[in-house]
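# Build me a model:
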Amino acid sequence: KQKTASPVKAPAKAPAGSAKMLLSKTYNKVHQDIDASPGNKKLSPLEMGNGEPKPQYVPERVVEASARKWATEKGLPVRVPAPEGYPFTASFANVGPDHSPWGVPMSAGWGIWEFNPTEVAMAVLKENPVEVQLKSVGLKRKDDKDFEDPFGAEPIFDPFAPAPGADASAPGDDMSGDMPDGGMSDGMSDGGMSGGMSDGMSGSAAASGDIASQIVQDLLTPENVESVVHHPKQGFGAAVYRAVKNALKSSLGDVGAAVINDNDVVSTCADITASLDCTISGKLFNVSCLGWGGSSCLSNESRCEDVTDENLCMFSKTAYGLDCAGWGGSSCMSRGASCGNITQQGHCDNSMMHNMTCRGWTGSVCLGMEDNDPALCSTITQRHQCEKSSELFGLACLGWGGSSCLGPDANAELITGKHFCDNSLSLFGIESLGWSGSHCLSENATCSDITLEGICNNAYEKVGMRCLGWSGSQCLDAGADASLITDPEICRHAKRKYGINATGWSGSACLSGTGNTSDCSVITKPHLCNNAHELNMTCAGWGGSSCLPVGASTLL
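Below is the predicted model:
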């Protein structure tokens, strides 16, 4: 006989009329609805490893995972009985027998969430200001193994705490007493905003902080939050409105990104950046969208690849009506997708789960049975796989070059191991000039391809190339300009060593040519500027931060 979902202990009783009491009542009502659901008795149980079968639910309306986790822990309205069917899949078994990936007891079940962004914003602001700038939307519970009180959170930091030496104190749980009686308009004119936004914003950084704090407190009415979040009033100054909106979004932290849309004008789903707004886009913006896809709001034209959250991908059929093959590692995959759409080894190794047949993971890509281009040898990043490339991937590769597998068309520069380079002809049939210091030199290599000073200064003996010598950072070819020299000492003797005409060191570069007064700005040291004639240049002198040309005042 199947067991129904175990009851979940309700949150601690809160004072009547408080935001916590409102949420607590909703929390209790939610679980009463779930326990009374006919689907609760008809769903197939899922064995989670502790010997007790527990019915599971899948949300029909799925939102961003972090926002969903936060709302679940807060018990926000409104969750209704889950539809019949749709048990969780066994892939969730690794999260433990008692909790789902979102921290909800498995026995609590899932239902359909309907979010009101304004209610979410109000709940965060009025419940506890300490919680509004948490690094994660999900609250930090006192005991991750005991989900009895969704309101028992430990604050990470208090954004309203006074600065060291300040007298101000953080507001309490109920901030309604701090609001001006006149709401937003009075608070803006009589409160910290007096004198107008321009005057207020022209003060010190501390004053700006006080203004922002006052703005947040002035917003603690459903009407004002609704206005700023979704319905800016006509005549509400654009500068003031934007400042208020930004202050509210910042104060809400990650929740702000979920409930406050970046764009005030929404005509398409792509204009929606707030995940909770996306779930009720029709009500807010009169725009029909499929739902939040993990990083964007999905339109009716969206494809499986637009879903970028693994959990949402698993519910793509229920949530969006998209018949997807499964998760590929970075996005959901459409049916008929190629193995190249898989971006993680685990999914490639288990491609049969997606009704796909893949050769295997090369270290950087997933190869399909049709992928037999020898150019793919370079995607193999493990030596043992390269040496068995024909057996594992059906690829005819030359062998391991030091950091990648070499294909038939590989050139000497792809060989990054000295031993392989010294024997490139016998090992791979590839001719080379020799070792550059970091890779093998091809037959058409230039001196600048040499990366070690010792090889550069003896290039003819080591690799058969005639080079001028080392510049300080690179090997110089014949005819190189003085500007390529990066060492002061080499610059001073460039004419004698390399036959390069250099006027001297500017402080940061080697100067070439005969000198030009318009180039004084290239001198970066005061003593060099004041003696610019030694560089065959005429300058006015050091100006405090740069070398000035003739005619400029040295008092600047």
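
# domain parsing for the chain?
1-166, 176-357 (automatic domain parsing).

# okay, and the helix or strand of this structure with the least pLDDT?
The weakest-scoring helix or strand in the chain, judged by mean pLDDT, DSSP states H and E, is strand 45-47 (a mean of 29).

# can you tell me which of the domains of the chain the model trusts least?
Ranked on mean pLDDT, the bottom entry among these is domain 1-166, at a mean of 37.

# List the contacts of the nearest residue to S281 once chain neighbours are set aside.
Computed as CB to CB, 6 or more residues apart in numbering, the closest residue to S281 that is not its neighbour in sequence is C289, at 4.3 Å. C-beta here means a position set from N, CA and C on the backbone, and glycine is covered the same way. C289 makes contacts with 269, 272, 278, 281-282, 297-300, as judged by CB atoms under 8 Å, 6 or more residues apart in numbering.

# Please repeat the previous calculation with a cut-off of 7 Å.
Contacts for C289 (CB atoms under 7 Å, 6 or more residues apart in numbering) come out as 269, 272, 278, 281, 297-299.

# Repeat that for G507.
Contact analysis of G507 by CB under 7 Å, 6+ apart lists 523-525, 528.

# Confirm it sits in a strand?
No. According to DSSP: H, G, I helix; E, B strand; the rest coil, G507 belongs to no strand; its state is coil.

# Per-residue pLDDT of it, please?
pLDDT, G507: 86.

# From A552, how far out is it?
18 Å (CB to CB, to the nearest Å).

# how about the strands of the stretch 251-400 of the chain, start to end?
291-292, 297-298, 324-327, 332-334, 358-361, 366-368, 399-400 (DSSP state E, counting those that start in this stretch).

# got those strands as JSON lines, with distance to T446 and mean neighbour count columns?
Formatted as JSON lines, those follow (distance: least, CB to CB, whole Å; neighbours: other CB atoms under 10 Å):
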{"stretch": "strand 291-292", "distance to T446": "53", "mean neighbour count": "28"}
{"stretch": "strand 297-298", "distance to T446": "51", "mean neighbour count": "26"}
{"stretch": "strand 324-327", "distance to T446": "47", "mean neighbour count": "23"}
{"stretch": "strand 332-334", "distance to T446": "45", "mean neighbour count": "23"}
{"stretch": "strand 358-361", "distance to T446": "37", "mean neighbour count": "21"}
{"stretch": "strand 366-368", "distance to T446": "36", "mean neighbour count": "24"}
{"stretch": "strand 399-400", "distance to T446": "27", "mean neighbour count": "19"}
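
# would JSON lines of those with distance to C304 be doable?
As requested, these are arranged in JSON lines below (distance: least, CB to CB, whole Å):
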{"stretch": "strand 291-292", "distance to C304": "13"}
{"stretch": "strand 297-298", "distance to C304": "10"}
{"stretch": "strand 324-327", "distance to C304": "4"}
{"stretch": "strand 332-334", "distance to C304": "4"}
{"stretch": "strand 358-361", "distance to C304": "18"}
{"stretch": "strand 366-368", "distance to C304": "17"}
{"stretch": "strand 399-400", "distance to C304": "37"}
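
# Quick check: chain neighbours aside, which residue is closest to M465?
A459 (4.5 Å).

# Then S302?
That would be L290: by CB to CB, 6+ apart, it lies 6.0 Å from S302.

# could you list every residue that touches the residue lying closest to G363 once chain neighbours are set aside?
Excluding its sequence neighbours, the residue lying closest to G363 (CB to CB, 6+ apart) is T381, at 3.2 Å. Shown in contact with T381 (CB under 7 Å, 6+ apart): 362-364, 404.

# Narrow these to just the buried residues.
Among the contacts of T381, those buried by neighbour count (16 or more other CB atoms under 10 Å) are 362, 404.

# Over to F315: give its phi and psi.
According to degrees, to the nearest 10, the main-chain angles of F315 amount to phi -110, psi 20.
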